Every structure is written in structure tokens, then in C-alpha cells.
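S.K.: What would the 3D arrangement of this be:
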Amino acid sequence: MSRKHSVSDSANLRKQELECLRLEADCLQLAGAVDSPLLKSHFIGMAQKWSALAVWGLEQGYQGQDFN
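M.R.: This next block holds a predicted model:
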């Protein structure tokens with residue numbers, strides 16, 4: 001794998017991680033905006049899943065790499 005390809009892959013992983021974190025924040029915001037306990041629970045659960053996916057991406061894709 002060439003260095004250019006590796007850098008491109010790293011940038012894509014970072015974008016995916018940021019998108020997961022944005023979706024987590026959106027779900028938490030929605031959880032705070034609804035009155036239904038069922039919907040609140042659903043959005044909190046979805047936020048946890050997006051957060052876990054972001055962490056997984058960090059663990060799998062960024063080991064030993066700088067965050068510029």
C-alpha cells in the first residue's frame with residue numbers, strides 16, 4: 001500500500017469517526033427533546049451505538065497515527 005493511499009484511508013476513517021460522533025450528539029439532543037420515555041430510551045441507545053462505533057474506529061484505524 002502506498003503512503004498516499006494510506007493517508008487517504010486515514011482521512012476517510014477520521015471522517016467516519018466524526019460522523020459517528022455527530023450522530024451520537026444528534027441522538028442525545030433528540031433524547032432530551034422528547035417526552036416519551038420509550039423514544040428517549042431509543043435515542044439514548046442509538047447514541048451509545050454511534051459512540052461505540054466511533055471508539056471502535058479509533059481502536060482499529062488510528063493506532064500509532066498522529067491526529068493532525
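S.K.: who does the helix or strand that Val55 is a member of touch, helix- and strand-wise?
M.R.: Assigned by DSSP states H and E, Val55 belongs to helix 37-61. When contacts are defined as 3 or more Cβ pairs under 8 Å, 6 or more residues apart in numbering; DSSP states H and E, helix 37-61 packs onto helix 3-33. Where C-beta positions appear, they are placed from N, C-alpha and C, glycine not excepted.
S.K.: Pull out the buried positions in the helix it packs on.
M.R.: Neighbour-count burial for helix 3-33 flags Ser10, Leu13, Arg14, Glu17, Cys20, Leu21, Leu23, Glu24, Cys27, Leu28, Leu30, Ala31 (criterion: 16 or more other Cβ atoms under 10 Å).
S.K.: Export those as a markdown table, with columns for distance to Trp56 and pLDDT.
M.R.: Formatted as a markdown table, the buried residues of helix 3-33 follow (distance: Cβ to Cβ, whole Å; pLDDT from 0 to 100):
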| residue | distance to Trp56 | pLDDT |
| --- | --- | --- |
| Ser10 | 16 | 76 |
| Leu13 | 11 | 81 |
| Arg14 | 14 | 84 |
| Glu17 | 9 | 89 |
| Cys20 | 9 | 93 |
| Leu21 | 12 | 95 |
| Leu23 | 14 | 97 |
| Glu24 | 13 | 98 |
| Cys27 | 17 | 98 |
| Leu28 | 19 | 98 |
| Leu30 | 22 | 98 |
| Ala31 | 22 | 98 |
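S.K.: Off-centre distance for the helix holding Val55?
M.R.: In this view, helix 37-61 has its centroid 8 Å away from the chain centroid, taken as Cα atoms, centre = their mean, to the nearest Å.
S.K.: for stretch 21-37, same thing?
M.R.: The answer for stretch 21-37 is 15 Å, by Cα atoms, centre = their mean.
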